[in-house]
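> need coordinates for the following:
(one chain, ligands or ions: 1)
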Amino acid sequence: MCGIVGMCGNSDAVPVLISGLKRLEYRGYDSAGIAVSLPDGLESRRSVGRLSNLEKRLSTKPLAAAVGIGHTRWATHGEASERNSHPHFDQENRIALVHNGIIENYQELKAPLLEQGITFQSETDTEVLVQHLAACTQDGTEFLSALCAALQDARGAYALGILNQAEPGRLYAARLGSPLIVGRGPDGVYIASDVPAILPQVDEVIYLEDGQIARLSENEVELFDLQGNPVSPEWKQVELEENAVDSAGFETFMLKEIHEQTRVLQGLLDRYVSGEQVLLPDLNLNDEALRSIDRMMIVSCGTAFYAGMYGRLLIEKFTDLPVETDLASEFRYRDPKLSANTLVLAVSQSGETADTLASIKMAKEQGCPILSICNVEGSSLVRESQHLLYTHAGPEIGVASTKAFTAQLMAFALLALHIAKLRGDMPADRSHRMICELRGIPLCIHRVLEQREHIQSIAEKHHDGPSSLYLGRRFNYPIALEGALKNKEISYQHAEGYAAGEMKHGPIALINEALPVICICTDTEDEVAEKMISNLREVQARNGRIIAIATEGDTRLDGLAGDIIFVPRSLERFSPMVNVVALQLLAYYAAHARGTDIDKPRNLAKSVTVE
Ligand code: M6R
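Residues are numbered from 1 along each chain as shown. The predicted structure is shown next:
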């Protein structure tokens, strides 16, 4: 969604703002802008579309200043247009403001401003906030106090960067519900939506807390609460390395991230498995606490929801705990009858997804313990959770999630084994066998990656149809859903994921010689394999184009599937981590053949920070 960057330094901020905005492009945006503090006032440049348009604007009308703010906007209130793009100004151009989030009561704040004769240039909630802030300064109130007052009036979520013409050497920032960090380095101090945006510039960062305001000048960062009381800053050393956020010679970040999966999963095993023990240091759940839990509720969105579906199956398989899953956007409006014995587990790459956050806040209010599987340290979700399991996948820049997903699956596998052991639900020898099987998964993924040319040739054969159907059963049902989602997101080809057993209840009507049907048939334990093969026969009988994911050496699909991607043998319960890699590559090369913008698919945002 929207991205924010700002600098207050000893050299020209404009190149830093542009480079920071480029590093935030992955979040998704449809317009961009910057504003700077000049000796004679505030000035801005804005443009619709890609950042290259803003750069062109700056090359014909340059700006240079040591203090500035920048923004990439993903339209919510009002179309993607120059007048709706940020920064927004008050009527007298005294204050410039960039905003990520939503001011829910903007209509309420706008009414008195309209009565005072203020005219608005845009349709945005953000402009209402900056005009309201200007109104709070009208009676000569000092800027920080006016900002506190304006923010106390605002309802909703915000990360803000603000310039005040009267204080040309300063930059203000504030956070409530949307991520924002403050950084410092040799050339100045900065704000940004995430660390990678300002990684080359900073050595240390502060993760702003909800309800905090930061006042930055070249050599100083002061923090305040919303009442204007000083707060001590907690600086943290930046541990991310620059090569974690470049594409390392791959044509896209997504392809790089697909290839990183072997290393990421191996890293999780190295980190969390010692000998034959699973050790989860941030979980903070002892045997007693775990035994008091009588139900688990997994909430998440999109790809993370499919990881949750997989997690449910595995935890149910390994333990005696009843587990439910729900989409966070549905869960938060249900009446799910929670209690202090319900462990609510949130799954999120970013840790900033609005619906997921709202769900766990609701569960917390009802006394539930919260466990989060999350990739981003310091994220809002992490701060709301007492129990944590980090996926350590590194920054995921491609909008379509890949390595974060397989890391979530591995995290669930380790969590399920850990819970089973602590609750006494799994004998040690079985647990050892499971760990041994898990250790084989990174190599299986590597072997799928080696087949990328074969998978590309299959994708190129089938990419041009209007639709495709993905079928799987049990552990691979969520993978069918994820495969279809990947295809939709990046190739813009309609795709439907289905539980194979449901095919006869509707989707079978779609099958004809033009419809690619991607079938996951890797059950080596033969519990659902026969049923899957029957489904394939039904597709074949209607001339569907079958693309099968099958286990090496399995001859049962000969003559049934037109194209087969063979993957190494693994236990059915762990095979999703391997199979999904084949589906990621299939979607990737379909998108490649269709010529889409793979890392930044249209209309999508990397982290959905608004409802
Ligand atoms: O950051 P989160 O994991 O909470 O994000 C959830 C979804 O928005 C995300 O998985 C989305 O579906 C991706 N575009 C999938 O590729």
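> tell me where the stretch 501-611 of the chain is predicted with low confidence.
For the stretch 501-611 of the chain, applying pLDDT under 70 flags the ranges 524-525.
> now the helices for it?
Ranges of helices in the stretch 501-611 of the chain, per DSSP state H, counting those that start in this stretch, are 529-541, 576-594.
> close to the ligand, is the last one?
No. Contact of helix 576-594 with the ligand is not found when judged by C-beta under 6 Å from any ligand atom; the minimum separation is 9.8 Å. (C-beta placed from N, C-alpha, C; glycine too.)
> which strands or helices does that helix pack on?
Helix 576-594 sits against helix 253-259, helix 403-422, helix 441-449, helix 452-462, helix 477-491, strand 516-521, strand 545-551, strand 563-567, with contacts defined as 3 or more C-beta pairs under 8 Å, 6 or more residues apart in numbering; DSSP states H and E.
> buried deepest among these, which one?
strand 516-521 (a mean of 28; mean count of other C-beta atoms under 10 Å).
> chain neighbours aside, what residue packs nearest to residue 133?
residue 150 (4.1 Å; C-beta to C-beta, 6 or more residues apart in numbering).
> oh, I was asking about residue 179
For residue 179, the spatially nearest residue (C-beta to C-beta, 6+ apart) is residue 352, at 5.2 Å.
> burial count for that neighbour?
By other C-beta atoms under 10 Å, 26 other residues sit near residue 352.
> A helix includes it, no?
No. Assessed with DSSP: H, G, I helix; E, B strand; the rest coil, residue 352 is coil; it does not lie in a helix.
> got the phi/psi numbers for it?
phi -130, psi 10 (degrees, to the nearest 10).
> so which strand or helix has residue 303?
helix 302-318 (DSSP states H and E).
> elements contacting that helix?
Counting by 3+ C-beta pairs under 8 Å, 6+ apart, helix 302-318 packs on strand 295-300, strand 323-327, strand 342-348, helix 403-422, helix 477-491.
> that one and the ligand in contact?
Yes. With C-beta under 6 Å from any ligand atom as the criterion, the ligand is reached by helix 302-318 at 302-304.
> could you pull up the mean pLDDT of that helix?
The pLDDT scores in helix 302-318 average 97.
> alpha carbons of that helix, as PDB, please.
Coordinates of the C-alpha atoms in helix 302-318 are reproduced here as PDB (Å, rounded to 0.1, in the frame of the first residue of the first chain):
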ATOM      1  CA  GLY A 302      -4.600 -14.400   1.100                       C
ATOM      2  CA  THR A 303      -1.600 -16.700   0.800                       C
ATOM      3  CA  ALA A 304      -1.100 -16.600   4.600                       C
ATOM      4  CA  PHE A 305      -4.700 -18.000   4.900                       C
ATOM      5  CA  TYR A 306      -3.700 -21.000   2.800                       C
ATOM      6  CA  ALA A 307      -0.700 -21.500   5.000                       C
ATOM      7  CA  GLY A 308      -3.200 -21.500   7.900                       C
ATOM      8  CA  MET A 309      -5.300 -24.100   6.200                       C
ATOM      9  CA  TYR A 310      -2.200 -26.300   5.900                       C
ATOM     10  CA  GLY A 311      -1.300 -25.600   9.500                       C
ATOM     11  CA  ARG A 312      -4.700 -26.700  10.700                       C
ATOM     12  CA  LEU A 313      -4.400 -30.100   8.900                       C
ATOM     13  CA  LEU A 314      -1.000 -30.700  10.400                       C
ATOM     14  CA  ILE A 315      -1.800 -29.700  13.900                       C
ATOM     15  CA  GLU A 316      -4.900 -31.800  13.800                       C
ATOM     16  CA  LYS A 317      -2.900 -34.700  12.500                       C
ATOM     17  CA  PHE A 318      -0.100 -34.400  15.100                       C
END
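> quick one, it and helix 403-422 angle?
Counting by axes from the mean of the first three to the mean of the last three C-alpha atoms, to 10 degrees, helix 302-318 lies at 20 degrees to helix 403-422.
> tell me which residues of helix 302-318 are tucked away?
302-315, 318 (16 or more other C-beta atoms under 10 Å).
> show me what contacts the residue of the stretch 301-450 of the chain found nearest the ligand?
Distances between the stretch 301-450 of the chain and the ligand by C-beta to the nearest ligand atom are smallest at residue 302, namely 2.0 Å. Counting by C-beta atoms under 8 Å, 6 or more residues apart in numbering, residue 302 touches 401, 485, 608.
> those residues: which ones sit near the ligand?
Restricting these to contacts with the ligand (C-beta under 6 Å from any ligand atom) yields 401, 608.
> near the ligand, which residues of the stretch 301-450 of the chain? Just list them.
By C-beta under 6 Å from any ligand atom, the residues of the stretch 301-450 of the chain that approach the ligand are 301-304, 348-350, 353, 356, 399-401.
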